[in-house]
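In: For reference, the sequence and a predicted model appear below.
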Amino acid sequence: MTGSLIYSNASICEAVMRVLYGRGYNERLRSVAELIAEGSSVLDVCCGPGTLFHRYLKTKGVHYTGLDINRDFVERLSAEGATGLIWNLNEPRPLPRAEYVIMQGSLYHFLPEASSVIERMITAAEKQVLIAEPIRNVTDSRFFCSRFLPVS
Ligand SMILES: C[S@@+](CC[C@H](N)C(=O)[O-])C[C@H]1O[C@@H](n2cnc3c(N)ncnc32)[C@H](O)[C@@H]1O
């Protein structure tokens, strides 16, 4: 999945997220952003195209670091005033510290053994760990064709 077409480009990735999760995508991002205090430090693991930063956190003056295995996503963040680091979360090295450590819509990459990445997130968090994992998307749809979108 990591090397799939969906993750090859920031716009494609965002568009797919919107199709998969509909209104829930923006609501999730907004809800997470509301929990982040102005001016705080944020580590977003598996940050994807950094939509949380671009759309919701940039105006809050946060110190945002995004980690992702995808070089294009990370470089885009670095070009826009945040810090982006290429990082494979399957490697057991400690994560950079931050007040808030966030993972959104990505825990499934680490199942069924997600405890290693979650423990590193807890160790890195000075204030709070936020994990927002959708439990439903369009593949649960009653419309037969929608269930076969390439999401995993
Ligand atoms: C479904 S996207 C979610 C992106 C973003 N968190 C969001 O909610 O819009 C999953 C992201 O996890 C990244 N990813 C997958 N496996 C990874 C790994 N082992 N280490 C780091 N990032 C990984 C992918 O490159 C992709 O950007």
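Out: Nice, I can see it.

In: for the spatially most central residue of the chain, phi and psi?
Out: Centroid-nearest residue in the chain: C47, 3.5 Å away (criterion: C-alpha atoms, centre = their mean). Note on C47: its backbone torsions stand at phi -70, psi -10 [degrees, to the nearest 10].

In: so which strand or helix has the closest residue to it other than its chain neighbours?
Out: Nearest non-adjacent residue to C47, counting by C-beta to C-beta, 6 or more residues apart in numbering: G66, 3.1 Å away. To be clear about C-beta, it is placed using only N, CA and C from the backbone, and glycine gets the same treatment. Using DSSP states H and E, G66 maps to strand 63-68.

In: do the same with V42
Out: strand 41-45.

In: cool, V117 as well?
Out: Going by DSSP H and E, V117 is in helix 115-124.

In: ok, now S31?
Out: Using DSSP H and E, S31 sits within helix 23-34.

In: quick one: the strands in this structure?
Out: Assigned by DSSP state E, the chain shows strands spanning 41-45, 63-68, 83-86, 98-104, 125-132.
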